[in-house]
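**Q** fold the following for me, if possible:
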Amino acid sequence: MSEPIIQVRRARRTYQSQAGPVHALADVNLDVAAGERVAIVGRSGCGKSTLLNLLGGLDRPSGGSVKVGGTELGNMREGALARWRRETVGIIFQFFQLLPTLTIGENVILPMELAKKGRPRQRREKALQLLDRVGLADLVDRFPKTLSGGEQQRVAIARALANDPKVVLADEPTGNLDSHTAGVVLDILWGLSDEGCTVIMVTHERTDKMPIDQVIRMSDGRFLDQPIEAAERLKAS
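**A** Below is the predicted model of the structure:
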């Protein structure tokens with residue numbers, strides 16, 4: 001059996017506040033296989049985004065181990081961590097985080113430029129291919145402010161795929177979308193796993209009918225139970 005693409009062992013994240021230490025994560029363990037679809041659920045402030053930030057190398061654990069794609073993230077230098085992040089993970093934010101002064105195409109091209117992948121013409125061609133995949137190739141030269149929320153989120157997905165990541169991390173990607181548009185975005189994300197990409201999503205949406213492999217329920221920085229295999233739960237319902 002191959003090694004999981006994500007291995008988390010007794011990971012902790014503690015922040016200092018005026019009132020004392022805040023334990024955002026407390027000794028969590030997680031294994032995720034390549035190509036799996038994982039949903040992380042729980043109330044606001046329970047540690048969902050903190051876990052996602054650790055998996056994406058946007059934050060570091062206070063203790064324990066976080067390994068993604070065979071790389072231990074906790075002790076990496078900042079420069080090496082930034083390079084690893086550009087090459088390994090694609091991150092989708094709830095509020096899109098598109099750069100308003102860049103066109104849609106330039107937003108998708110930017111990760112390729114930072115990673116020094118390909119020549120300018122090749123980057124433009126790949127950006128068009130990715131935007132076509134999310135149904136927005138005809139908007140390549142428009143600016144983010146001219147797009148709807150759902151369109152901006154689809155651009156954010158295209159940008160997250162620019163460097164062919166092994167893992168896609170999505171932090172409430174449907175939180176600001178209507179139900180129809182949310183369904184379109186989720187269909188795109190699920191399609192990624194069919195191609196071998198691992199998709200981990202923080203969500204407040206109902207997960208009982210989603211085609212996911214693990215549901216992780218969190219409260220107060222801990223997993224409430226072992227990850228639930230969604231397929232087995234549906235069979236039992």
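**Q** per-residue pLDDT, the closest residue in space to residue 100 that isn't next to it in sequence?
**A** If the residues on either side of it in the chain are set aside, residue 100 comes closest to residue 144, at 5.5 Å by CB to CB, 6 or more residues apart in numbering. Where you see a C-beta, it was placed from the backbone N, CA and C, and this is true even at glycine. Residue 144 carries a pLDDT value of 96.
**Q** residue 55 now?
**A** 96.
**Q** contacting residues for it?
**A** Remark: with contacts taken as CB atoms under 8 Å, 6 or more residues apart in numbering, residue 55 is in contact with 6, 8, 66, 68, 89, 167, 169, 200.
**Q** just name the closest of the residues you listed to residue 113, please.
**A** Compare each of these with residue 113 using CB to CB and the shortest gap goes to residue 89, at 17.4 Å.
**Q** average pLDDT for stretch 39-46?
**A** In this model, stretch 39-46 has an average pLDDT of 90.
**Q** one step back: neighbours of the residue nearest to residue 100, just the number please.
**A** By other CB atoms under 10 Å, 20 other residues sit near residue 144.
**Q** can you give me the strands for this structure?
**A** Under the criterion DSSP state E, the chain contains strands at 6-17, 20-32, 37-41, 63-68, 71-72, 89-92, 167-171, 198-202, 214-219, 222-223.
**Q** I'd like the ones you listed laid out as JSON lines, including mean neighbour count and distance to residue 108.
**A** Converted to JSON lines, the strands of the chain look like this (neighbours: other CB atoms under 10 Å; distance: least, CB to CB, whole Å):
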{"stretch": "strand 6-17", "mean neighbour count": "16", "distance to residue 108": "25"}
{"stretch": "strand 20-32", "mean neighbour count": "17", "distance to residue 108": "26"}
{"stretch": "strand 37-41", "mean neighbour count": "23", "distance to residue 108": "23"}
{"stretch": "strand 63-68", "mean neighbour count": "19", "distance to residue 108": "23"}
{"stretch": "strand 71-72", "mean neighbour count": "12", "distance to residue 108": "25"}
{"stretch": "strand 89-92", "mean neighbour count": "23", "distance to residue 108": "11"}
{"stretch": "strand 167-171", "mean neighbour count": "24", "distance to residue 108": "15"}
{"stretch": "strand 198-202", "mean neighbour count": "25", "distance to residue 108": "19"}
{"stretch": "strand 214-219", "mean neighbour count": "19", "distance to residue 108": "29"}
{"stretch": "strand 222-223", "mean neighbour count": "18", "distance to residue 108": "35"}
